[in-house]
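Trainee: Got a sequence here, can you build the structure:
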Amino acid sequence: MAEQISRTATLRSGPKAHDIAGPPHWTVLIVDDEPEVHEVTRMVLSNAQFCGSGIEIHSAYSTAEAKNLLAEKPDMALVLLDVVMETDDAGLELCRYVREDLHNDDVQIVLRTGQPGQAPEHDVILQYAINGYFLKTEITSQKLHSVLISSLRAYDRMRRLRRFGRTHEASRPGKHPNITIERLRRAIENDDLTLTAQPQVELDEGAVVGIELLPCWQTDNQSIPLAALIAIADRSGLTAPLSDWVLSRACALSRAWRSLGVERLRVAVNASPVQLHRGNLFASVAHSLSINDLTPEHLELEVTESAFMENLQTGGDTLRRLKALGIGIAVDNFGMGTASLSQLKRFQPDRLKIDPSLVQRATEDTHSGAVTRAIIALAHTLGIVVVAEGVGTQDQLDFLRWEGCEIAQGAYFSPPIPVAHIPTLLAAPDSKVQ
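Mentor: Below you'll find the predicted structure:
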C-alpha cells in the first residue's frame, strides 16, 4: 500500500514537473474539537508525500483558532474540517468565512462529520463551496490518503494555472519577432484572420453535432500558434476585439452552413474572461444572432473553468442572461480548477468539456482515469452533457464510450481543418465514426 501511495503521489498534472518546483511542503489544517481525531489523522498522514514534498500538518480545535491560522498561512492547501464543534454549524461558518471573507478559492475544504443529521450532504454541497464530504465512520487509512492526494492535486493545478495563465513557450515574443501589436490590430480590422474548425462527434451515432471554431493567423509565410496569438492579444489589450471577430465570423459561417441544409449543427466559440467582464457581451451575441438570422440554440460559448468560477463569484449576470436567451454554455478545461458541486448545480451549464490532459492520460494513468470517470458521473448526476477534448486513440475512445461520455473531439476524428472543408465533411457518406 505504501508503494502504491508513493507512486500515486509522484504523478504530475498540468505543466511538466520542471516548470514549477513543488513547495518545500504542503500545508494541511485539521479543524476538529476531538483531540483523538488530530492524533489519528497525524499518525496516518505522517509519511505522506505529493510531488516529492512532505506534509506539514497544523491543528485547530475551534473555528477561532482555525481563522487565525488561515489568515496567517494563505498558502494552506487543504482543510480537513469538522462540522459540529462549539456550535452545530461551526464548520459551515468557517467554510463561508474562507470563501467570502478571506476570498480564498484555492484551498481545498473537505468536511468530515460524525453527525450527518446536523449537516446533510445534499444540503451542504448545494449551499457551500466545499470540495468533499465524508462521514468519519467511512474514512479508512486508504480513504484518507486518497482524499489528501486528490485535494493536493486540485490545489496544485490551481496554483499552476494562476501562475502560468495561458503563457506557453511558443507564445513568447522571441519566437515570432516580426509580430507587432499594430499588425494584429490591422489583421483584425481588415478581416485578415481565418478560422479553423474541429468537429465534435456524438459517440452513440457517430454524427458530427458541433464545430468548435478557433482563430488562425497566417503571416510572413508562417502560421502563428493559437497560444501565441492569444498571448499577444492578451498583452496588447486586443482580446476583446479578437473574440468579437471570432463570434461575428462564427455566426456568419453558421448561417452559410444552414443555407446548405445543415440545420442542427452547433457552433462553439470561446468567450474570454475580458468579454465576460465587459457589459456588452450579451448585446454583441444578440446582434450577431439577429443579423445572421440565427436562433440561440445554434451557438455555444465555451468558458474556461477558472473564468466560469470567477464570473459566478462576481454575480454571474452575463452567463445567466446568455443562458436565459438560449445560448449554450460549456465549461471548458474542466478538471483543472476547483469548481464545486454547489456552483455547478446552481448554474447548471449545458456541457462540461473534460480537459484534454486528463483524456489523453485516462487509459495510462489510474488517477487521470478515475478523475475522468468521476467528472462524467458528476455531470450525468446533474443532467449535464459531457464533451471529451483531445481524443487521440482508439483506447481513449473505447474508455469514454464505456463510461457514457456523449460527445468527443480530437485528432482521432479530425485535426483542426479549414472552415472551407466543413460542408464537404458534413456531406460525406462516411462522416460517421464507427
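Trainee: For the rest of this, base every contact and every neighbour count on C-alpha atoms.
Mentor: Noted.
Trainee: Name all residues that make contact with residue 45.
Mentor: 55, 145 (Cα atoms under 8 Å, 6 or more residues apart in numbering).
Trainee: For it, grab phi and psi.
Mentor: When read as degrees, to the nearest 10, the backbone of residue 45 gives phi -100, psi 10.
Trainee: same deal with residue 265?
Mentor: Taking degrees, to the nearest 10 as the convention, residue 265 sits at phi -70, psi 130.
Trainee: so how far is residue 148 from it?
Mentor: 43 Å (Cα to Cα, to the nearest Å).
Trainee: Looking at the two, which has the bigger crowd around it?
Mentor: Comparing residue 265 with residue 148 by other Cα atoms under 10 Å, the one with more neighbours is residue 148, at 24 against 19.
Trainee: element containing that one?
Mentor: Per DSSP states H and E, residue 148 falls inside helix 141-164.
Trainee: Repeat that for residue 246.
Mentor: Residue 246 belongs to helix 239-259, assigned by DSSP H and E.
Trainee: any idea of the mean pLDDT for that helix?
Mentor: The average pLDDT within helix 239-259 is 88.
Trainee: Could you figure out how far the following helix or strand past it is turned away from helix 239-259?
Mentor: Later in the chain than helix 239-259, the nearest helix or strand by DSSP H and E is strand 266-270. For strand 266-270 and helix 239-259, the angle between their directions (axes from the mean of the first three to the mean of the last three Cα atoms, to 10 degrees) works out to 170 degrees.
Trainee: Next one: residue 232 from residue 217, what distance?
Mentor: 12 Å.
Trainee: Helix or strand next in line after the longest strand anywhere in the chain, which one?
Mentor: If you go by DSSP state E, the chain has its longest strand at strand 208-219. Counting by DSSP H and E, the next helix or strand C-terminal to strand 208-219 is strand 222-224.
Trainee: Within its local environment, how many residues does residue 266 see?
Mentor: 19.
Trainee: Against residue 328, how distant is it?
Mentor: For residue 266, the distance to residue 328 - Cα to Cα - is 9 Å.
Trainee: Check the offset of the helix holding residue 148 from the chain's centre.
Mentor: Centroid separation for helix 141-164 versus its chain: 14 Å, with Cα atoms, centre = their mean, to the nearest Å.
Trainee: go on, stretch 411-420?
Mentor: 23 Å.
Trainee: How about stretch 346-358?
Mentor: For stretch 346-358, the distance to the chain centre is 6 Å (Cα atoms, centre = their mean).
Trainee: Now do it, average pLDDT.
Mentor: What stretch 346-358 shows for mean pLDDT is 92.
Trainee: Give me the distance between the two termini of that stretch.
Mentor: 25 Å.
Trainee: Any chance you could list what contacts that stretch?
Mentor: Residues outside stretch 346-358 that contact it (Cα under 8 Å, 6+ apart): 13-14, 126, 320, 328-336, 368-369, 371-372, 375, 379, 382, 384-391.
Trainee: So which of those sit within strands?
Mentor: Those of the contacts of stretch 346-358 lying in strands (DSSP E): 328, 329, 330, 331, 332, 333, 334, 385, 386, 387, 388, 389.
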